[in-house]
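[1] Sharing a model that was predicted from the sequence below.
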Amino acid sequence: MDIFKQKRYLIIFIVVLTLLNLGTLLLLWMGRPSHNQGIRESNRKIKEEARLEHLLNAELGFDETQTGRYLEMRQEHRRQTHRLNEEIRQIKKQMFDEVLQEKPRQKLSDSLLTLAQEKQAQIEQLTFQHFLDLKKLCKPEQQKKLKLLMHEVFRKNPPPPNNIENRPPPPPAGEEPPPPRGDANSPSLKF
């Protein structure tokens, strides 16, 4: 009788281990990103790049050389800002790890905060330089279009981008825009 009880416990133990192994394999399989997700991400990047190329060609009148050069500049800008954002993320992790210590050191936290701010300032400087390089890439007539486009981007409620050359420049900061004139070229009348 003892042998039967031992075999029964051994069989139960083997079944439990088998179920745990199957459960682990199932969790690993379910948690793995699908092949389609990678394809979707790739398609999203392609669509974004095509949209950007269309914007550069349609709104600014870039030729193929200018577009290619800008896409290279943009990729380099993204690489640099991604690196700095990753550094900021690591600094913030260190800051919050310090907060969770039994006796957090305020000076360390302050110095990490200062370092994170310096990295953020570098990102802003890189972005400023990126737009300066974009401006240098433009011909004089394209620089005028770029200026109008940038004003549109930074307005609170920009109208849809239709015929950017005929739009009046935005009002100076703090002033209200003039009321619509009612002519056919007015952006407020287009639906």
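    Sure thing, it's come through.

[2] low-confidence ranges in this protein?
    For the chain, the stretches with pLDDT under 70 are 1, 32-38, 156-191.

[3] which residues in it form strands?
    Using DSSP state E, no strands are found in the chain.

[4] So which residues of it form helices?
    2-31, 35-55, 64-99, 106-137, 140-154 (DSSP state H).

[5] now for the fourth one, which elements pack on it?
    Going back to what we said before, that points to helix 106-137. Helices and strands touching helix 106-137, by 3 or more CB pairs under 8 Å, 6 or more residues apart in numbering; DSSP states H and E, are helix 64-99, helix 140-154. (C-beta placed from N, C-alpha, C; glycine too.)

[6] What of the longest one?
    Based on contacts counted as 3+ CB pairs under 8 Å, 6+ apart, the elements that helix 64-99 packs against are helix 35-55, helix 106-137.

[7] can you put those in TSV and add mean neighbour count?
    Below are those laid out as TSV (neighbours: other CB atoms under 10 Å):
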stretch	mean neighbour count
helix 35-55	11
helix 106-137	14
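
[8] Distance to Phe62 for those helices - can I get that in JSON lines?
    As requested, the helices and strands packed on helix 64-99 are exported to JSON lines (distance: least, CB to CB, whole Å):
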{"stretch": "helix 35-55", "distance to Phe62": "8"}
{"stretch": "helix 106-137", "distance to Phe62": "8"}
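
[9] Of those, which is nearest Leu149?
    helix 35-55 (8.5 Å; CB to CB).

[10] Now that closest one - C-alpha only, PDB.
    Output of helix 35-55 as PDB, limited to C-alpha atoms (Å, rounded to 0.1, in the frame of the first residue of the first chain):
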ATOM      1  CA  HIS A  35       5.700  39.400 -36.600                       C
ATOM      2  CA  ASN A  36       2.800  41.700 -37.800                       C
ATOM      3  CA  GLN A  37       3.600  44.200 -35.100                       C
ATOM      4  CA  GLY A  38       7.100  44.800 -36.600                       C
ATOM      5  CA  ILE A  39       5.600  45.100 -40.000                       C
ATOM      6  CA  ARG A  40       3.000  47.600 -38.800                       C
ATOM      7  CA  GLU A  41       5.800  49.700 -37.100                       C
ATOM      8  CA  SER A  42       7.800  49.600 -40.400                       C
ATOM      9  CA  ASN A  43       4.700  50.600 -42.400                       C
ATOM     10  CA  ARG A  44       4.000  53.500 -40.000                       C
ATOM     11  CA  LYS A  45       7.600  54.800 -40.400                       C
ATOM     12  CA  ILE A  46       7.300  54.600 -44.200                       C
ATOM     13  CA  LYS A  47       3.900  56.400 -44.200                       C
ATOM     14  CA  GLU A  48       5.400  59.100 -41.900                       C
ATOM     15  CA  GLU A  49       8.400  59.600 -44.200                       C
ATOM     16  CA  ALA A  50       6.100  59.700 -47.200                       C
ATOM     17  CA  ARG A  51       3.900  62.300 -45.500                       C
ATOM     18  CA  LEU A  52       7.000  64.400 -44.700                       C
ATOM     19  CA  GLU A  53       8.300  64.200 -48.200                       C
ATOM     20  CA  HIS A  54       4.900  65.300 -49.500                       C
ATOM     21  CA  LEU A  55       5.000  68.200 -47.100                       C
END
